[in-house]
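In: with the input below, show me the fold.
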Amino acid sequence: MLILSADERRALRARAHPLHPVVAISQNGLSESVVMEVNANLLSHQLIKVRVYNDDRQVREQFLAMLCERLDAAPVQHIGKLLVLWRPQTDAQANAAKPRPRRSEPRRSKRSFQGSSGS
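Out: All right, here's what the predicted structure looks like:
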């Protein structure tokens, strides 16, 4: 589990404020498919919200701790039934996400070649 400083946590909470929950944990609890879905969303977004449909605060705290431990993520916030998790991007993910270089010349359409045939 990653440990965040108070300043890092504050900045991540601010970034997470407008986000909507992308994963929900319901009556089946923390199943393997839920963990895989959280992992996939962390790979895509780094910062996510998870909604837990359970009224017991201790259970929600256990879910947060287990997710962070299993996925090597950092707990950002637990407010009500929402959990906020963050995992930094690895070097391999950063290299894969780089945009491809743009072409130096514009693409030519087929029409430009057809119109110059001199018919």
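
In: can you tell me how far the most centrally placed residue in the chain is from E37?
Out: The residue lying closest to the centre of the chain (Cα atoms, centre = their mean) is H45, at 2.3 Å. Using Cβ to Cβ, to the nearest Å, one obtains 12 Å as the distance from H45 to E37. Every C-beta, even on glycine, is put in place using the N, C-alpha and C of the backbone.

In: and for S104?
Out: From S104 to E37 the distance is 41 Å (Cβ to Cβ).

In: okay, those two: which has more neighbours?
Out: The residue with more neighbours, out of S104 and E37, is E37; 17 against 5, by other Cβ atoms under 10 Å.

In: secondary structure element holding that one?
Out: Using DSSP states H and E, E37 sits within helix 32-45.

In: so after that helix, what's the next helix or strand?
Out: Using DSSP H and E, the first helix or strand after helix 32-45 is strand 47-52.

In: run the angle between that following strand and helix 32-45 for me.
Out: Between the axes of strand 47-52 and helix 32-45, defined by axes from the mean of the first three to the mean of the last three Cα atoms, to 10 degrees, the angle is 150 degrees.

In: which of the residues in the next helix or strand after strand 47-52 are buried?
Out: Going down the chain from strand 47-52, the next helix or strand is helix 57-71, by DSSP H and E. The neighbour-count check on helix 57-71 (16 or more other Cβ atoms under 10 Å) flags 60, 63-64, 67-68, 71 as buried.

In: out of these, the closest to V23 would be?
Out: Using Cβ to Cβ, L67 comes nearest to V23 of the buried residues of helix 57-71, at 9.4 Å.

In: what's the distance between that closest one and V50?
Out: 7 Å.
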